[in-house]
Every structure is written in C-alpha cells, then in structure tokens.
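Chemist: My questions concern the predicted model and sequence given below.
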Amino acid sequence: MAKGDSDPVAVSAYASFAERYDALAPIKPHNALYERPASLELLGDVTGLNILDAGCGSGICSEKLARSGARVSAFDITPEMLALARQRCAGLDVDIRLGNVERALDWLADGSFDRILCSLALDYVEKLEPVFAEFHRVSCPGGWLVFSMGHPMRDWQDTRTRGTKTYFETNRWGMHWGGFGEPNPYVESYRRPLGDILNGLADTGWTPTASSSRFPRLRWKWSTPGILPN
C-alpha cells in the first residue's frame, strides 16, 4: 500500500468498507460479544455523565451510551464512518464531529468529561503519549479513560506479519481482514511493546487501577480494555 508514514493509518481502508462495518460490527462475535460489552461494562453507570467517544467509528458505542442516559461527544477521522454515526445517533444526545485522535482536540474544553472511551482506535496511532496527554486534559478530576487495543504480545506472535521485527520495536504493518465481506480490506496499524503503552499512560498522569480479574471474560482474550482514573 503506497502511503507515506505521515498519512493517517487505516482511513482509506475504513472508508472502503464503512457500510459493511456498520452492518456487521453490531453482530460480529468479537465486537458484539466480547470487546464492546467489556468496554461498556468498564465505564459503569453513565447516567447523566459527559462521555467522550474518541474514534467513534459508525457510532455503535455512542448510541448505546446515549440510550443509557449519557451526554456524548464523539469524533472520528473517517467521513464515511461519521455519516453512518450521524444516521445511527439521530435524535439522541450525541455531538458528532470530524476529528483526529492524533491532533489537539481544540474544540473540547479542559476538564469536560467524566469518562473517555477509545474503543479499538489506538492501534492506528504511532505516538500514544500525546494522545493520552490530550485525554488527560479534557478529563475532569477523577475521570476515567477506558480503551481497548490489540495485545502487544499477541500481535508480535503473529508470524504472518512480524517479519524480522523485534517485540521492542514500534512498527507499522498491515494485513487483509476477513469477516467484513469481500473484497477483504487491507488494514494497517501499529504494534508496540506493552511498556510503551504503560509508560505513556504514567507519563501523562494516568494510573491503572483495575485488572481483568474483575472481568473474567477478558482473561484469555487478545484485546485488552482497561480503566484508568485521572
């Protein structure tokens, strides 16, 4: 795929199968039975809370949060996904905007959100620390960040894409995805060591306080939601 390293990762890929994603993600087992319910469970009772859905895709989580009584602000970098999110969330208390998680969220005020959700979006970010810092800025005191992403060890063990890279490198890679119909989209993302994720959180003021032992369904899975109070 001929893309410069400065280009946002996976935007054109998601644009190419946005409607298929929107139709299948609500019922696809990995999304519908594991990652999404686990992440939403970690957010707890959201009634009356201000929630940021960062990298909202087609608005599946935003809709669920709004129907649970939250006031939701959502953004995504892919216009095709945003169009679907606006359809899905029509009539609900959801503000949807075009935005890049790797850029300053300058339309959001400091301390605006009780909870921040970033579901399966951080794999497409090369440098996590500025993202975590911006999330910390817009989080209110005592606010929570819940995010999910591919487990670094699982990604590195995938010999189809590892090549000669080592676990300790951050590198951009891609593969054709099955499960969302034909043609299979070629989706690029970043893999990195676990230490880079944890250090990025610690260096920007976040503190991990929960483990998967509270949520048995997470123990043997490869995507890891986490809850991190400010």
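Modeler: Sure, I can see it. Numbering: from 1, shown residues only.
Chemist: For the lengthiest strand in the chain, which residues meet the burial criterion?
Modeler: Ranked by residue count, the top strand of the chain under DSSP state E comes out as strand 139-148. Judged by neighbour count (16 or more other CB atoms under 10 Å), strand 139-148 contains these buried residues: Ser139, Gly143, Trp144, Leu145, Val146, Phe147, Ser148. Using the backbone N, CA and C atoms, a C-beta is placed for each residue, glycine as well.
Chemist: cool, and stretch 89-103?
Modeler: Cys89, Leu92, Val94, Ile96, Gly99, Val101, Glu102.
Chemist: Likewise for stretch 62-70?
Modeler: Buried positions in stretch 62-70, judged by neighbour count with 16+ other CB under 10 Å: Ser62, Glu63, Lys64, Leu65, Ala66, Ala70.
Chemist: Equivalent analysis for stretch 183-201, please.
Modeler: Neighbour counts using 16+ other CB under 10 Å place Pro185, Val187, Glu188, Ser189, Tyr190, Arg191, Arg192, Pro193, Asp196, Ile197, Gly200, Leu201 of stretch 183-201 among the buried residues.
Chemist: what would the residues you listed look like in a markdown table with distance to Ile77?
Modeler: Converted to a markdown table, the buried residues of stretch 183-201 look like this (distance: CB to CB, whole Å):
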| residue | distance to Ile77 |
| --- | --- |
| Pro185 | 16 |
| Val187 | 14 |
| Glu188 | 14 |
| Ser189 | 14 |
| Tyr190 | 15 |
| Arg191 | 20 |
| Arg192 | 20 |
| Pro193 | 25 |
| Asp196 | 22 |
| Ile197 | 21 |
| Gly200 | 20 |
| Leu201 | 22 |
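Chemist: In helices, which of these appear?
Modeler: Among these, the members found in helices (DSSP state H) are Asp196, Ile197, Gly200, Leu201.
Chemist: what about the second one, distance to Ser139?
Modeler: Applying CB to CB, to the nearest Å, one obtains 18 Å for the distance of Ile197 from Ser139.
Chemist: ok, now the third one?
Modeler: Distance of Gly200 to Ser139, computed by CB to CB: 15 Å.
Chemist: where in the chain is pLDDT low?
Modeler: Scanning the chain for pLDDT under 70 picks out 1-7, 154-164, 210-230.
Chemist: need the helices for it, in chain order.
Modeler: 11-16, 18-24, 29, 36-43, 60-67, 79-88, 128-138, 152-157, 159-162, 194-202.
Chemist: Show me the strands paired with the longest strand of the chain, marking each as parallel or antiparallel.
Modeler: strand 113-119 (parallel), strand 226-229 (antiparallel) (DSSP bridges).
Chemist: Show me the contact partners of the longest one.
Modeler: Counting by CB atoms under 8 Å, 6 or more residues apart in numbering, the neighbours of strand 113-119 from elsewhere in the structure are 35-36, 39-40, 43-44, 46, 49-55, 57, 61, 65, 70, 73, 101, 135, 138-140, 143-148.
Chemist: Could you rerun that using 7 Å?
Modeler: Here strand 113-119 makes contact (CB atoms under 7 Å, 6 or more residues apart in numbering) with 35, 39, 43, 46, 49-55, 61, 135, 138-140, 143-148.
Chemist: Run the chain-centre distance for stretch 47-58.
Modeler: Relative to its chain's centre, stretch 47-58 lies at 11 Å (CA atoms, centre = their mean, to the nearest Å).
Chemist: ugh, typo on my part, it should be stretch 147-154
Modeler: Centroid separation between stretch 147-154 and its chain, computed with CA atoms, centre = their mean, is 11 Å.
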